[in-house]
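# sharing a model that was predicted from the sequence below.
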Protein chains: 2
Amino acid sequence: MSGNSRLTTAVHALCWLELAHRRGRPTLTSAQIADSLASHPVLIRRTLAPLRDRGLLDIAGRGPGAGWRLARPAAELSLADVHSALAEPAPFDLHPHEPKQTCPVGYGIRPVLAHIYAEVEAEITAALARRTIADVLDTTLAEHPLPQ
Amino acid sequence: MSGNSRLTTAVHALCWLELAHRRGRPTLTSAQIADSLASHPVLIRRTLAPLRDRGLLDIAGRGPGAGWRLARPAAELSLADVHSALAEPAPFDLHPHEPKQTCPVGYGIRPVLAHIYAEVEAEITAALARRTIADVLDTTLAEHPLPQ
DNA sequence: GAAAGAGTAACCATAATAGTTACACCCTCT
DNA sequence: AGAGGGTGTAACTATTATGGTTACTCTTTC
């Protein structure tokens, strides 16, 4: 239990919602989404909450019959949108403590590294922006269809 | 204490070694490196050990007078080399458990996501490959020189 | 009033990281 | 031979993130 699978969880959930939508099912409950992920409804609600707050998803109704649904067409929902909404941690951190300020390297290296790390983040975002939820779902269904 | 600052630690150490080299100091001990980072010699040895094993660094001598030194010119040492030697964790993981195999999404989504995540990794590597230790040191000294 | 749904707080287990101590081992120097 | 300066590494601690789980509140439909 070390890594970070929230992007996976969110993308899986959104693809599943889109597939349900295509099949004429407008919404899914968090229990139904959790079933596909072999996870738990509370985890789904926790993971999807920031997407709801950012307007990627919404809840249709309340009480019995309520459920999650995409707030935008799946073809207009990129993985970068999901990544950004999740506020994923950056892959690289600067020093845990301030380095020695009387050393030329310790004094000046932090903004240099921060700039490089920002570039890396931009590349990650750009790579994720190339794929939409619709792309992922279409590729999944086309390249790895259920047997029989 | 959540993130991962090992790339920062390693790049800082390598820059400091290169600066020492330019000043006519062929090696630095882990205690001297730790001093610049406001860290501890054991952490330095732990972080630098995989770089030594991968041939980016070596130890000159043993016993008194021993110390770390770059095994290659700093201009031929990219941050991607460092990142790779450190075996940094990927930013995104797949599902913590196998998703439901009777769901079309659960059945087929993992290789699709794995492919996208591999692309992201490649972009990270490419961005880091654009900078060498010499670049980082030169930029640090030029853009953020010690006052007076 | 019962039941289904989301929203959330609280707690547990696990793992990674940084920090730290302790000690074994190797070598140089006196 | 012994002292001391180095690395190598195991072991332990504290902190934090993550996933998992339970338990509860609130709202709405039936």
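That came through fine.

# so who does A:His144 touch?
B:107-109, B:111-112 (Cβ atoms under 8 Å, 6 or more residues apart in numbering or on different chains). The C-beta positions use only the backbone N, C-alpha and C, and glycine is treated the same way.

# state the distance from A:Ala85 to DNA strand D.
14 Å (Cβ to the nearest atom of the strand, to the nearest Å).

# the host helix or strand of that residue and DNA strand C in contact?
Here A:Ala85, judged by DSSP states H and E, is contained in helix A:79-86. No - on the criterion Cβ under 7 Å from any atom of the strand, helix A:79-86 is out of touch with DNA strand C, staying 14.3 Å away.

# ranges for the helices of chain A?
With DSSP state H as the criterion, chain A has helices at A:6-22, A:30-37, A:41-53, A:79-86, A:104-129, A:133-143.

# if we ignore the residues flanking it in sequence, what's nearest A:Val120?
Take A:Val120 and drop its neighbours on the chain: the residue closest to it by Cβ to Cβ, 6 or more residues apart in numbering or on different chains is B:Ala127, 4.8 Å away.

# could you check the angle the helix holding A:Ala85 makes with helix A:104-129?
If you take axes from the mean of the first three to the mean of the last three Cα atoms, to 10 degrees, helix A:79-86 sits at 120 degrees to helix A:104-129.

# count the neighbours of whichever residue of chain A sits closest to DNA strand D for me.
Of all residues in chain A, A:Gly63 sits closest to DNA strand D, at 2.7 Å by Cβ to the nearest atom of the strand. Other residues lying near A:Gly63 total 5 when counted by other Cβ atoms under 10 Å in any protein chain shown.

# quick one: contacts for it?
Applying Cβ under 8 Å, 6+ apart, no residues contact A:Gly63.

# list the residues that contact the nearest residue to A:Leu141 once chain neighbours are set aside.
Nearest non-adjacent residue to A:Leu141, counting by Cβ to Cβ, 6+ apart: B:Pro104, 6.1 Å away. Applying Cβ under 8 Å, 6+ apart, we find B:Pro104 in contact with A:19, A:140-141, A:145-146.

# one more time with 7 Å
Contact analysis of B:Pro104 by Cβ atoms under 7 Å, 6 or more residues apart in numbering or on different chains lists A:19, A:141, A:146.

# which among those residues count as buried?
Buried members of the contacts of B:Pro104, scored by 16 or more other Cβ atoms under 10 Å in any protein chain shown, are A:19, A:141.

# now flag whichever of the contacts of B:Pro104 is closest to A:Ala90.
Of all those, A:Leu19 has the smallest distance to A:Ala90: 31.7 Å, by Cβ to Cβ.

# contact partners for the closest one?
Counting by Cβ under 7 Å, 6+ apart, A:Leu19 touches A:137, B:104-105.

# same thing but 10 Å
Residues near A:Leu19 by Cβ atoms under 10 Å, 6 or more residues apart in numbering or on different chains: A:25, A:28, A:36, A:74, A:137, A:140-141, B:103-105.

# over to A:His40?
Shown in contact with A:His40 (Cβ under 10 Å, 6+ apart): A:30-31, A:34, A:46.

# please apply the same query to A:Asp138.
Shown in contact with A:Asp138 (Cβ under 10 Å, 6+ apart): A:15, A:18, A:74-75, A:132, B:112.

# how near is it to A:Ile116?
Noted for A:Asp138: a distance of 35 Å to A:Ile116, by Cβ to Cβ, to the nearest Å.

# same deal with A:Pro64?
A:Pro64 sits 52 Å away from A:Ile116 when distances are taken as Cβ to Cβ.

# tell me which of the two has more neighbours.
A:Ile116 (21 against 6).
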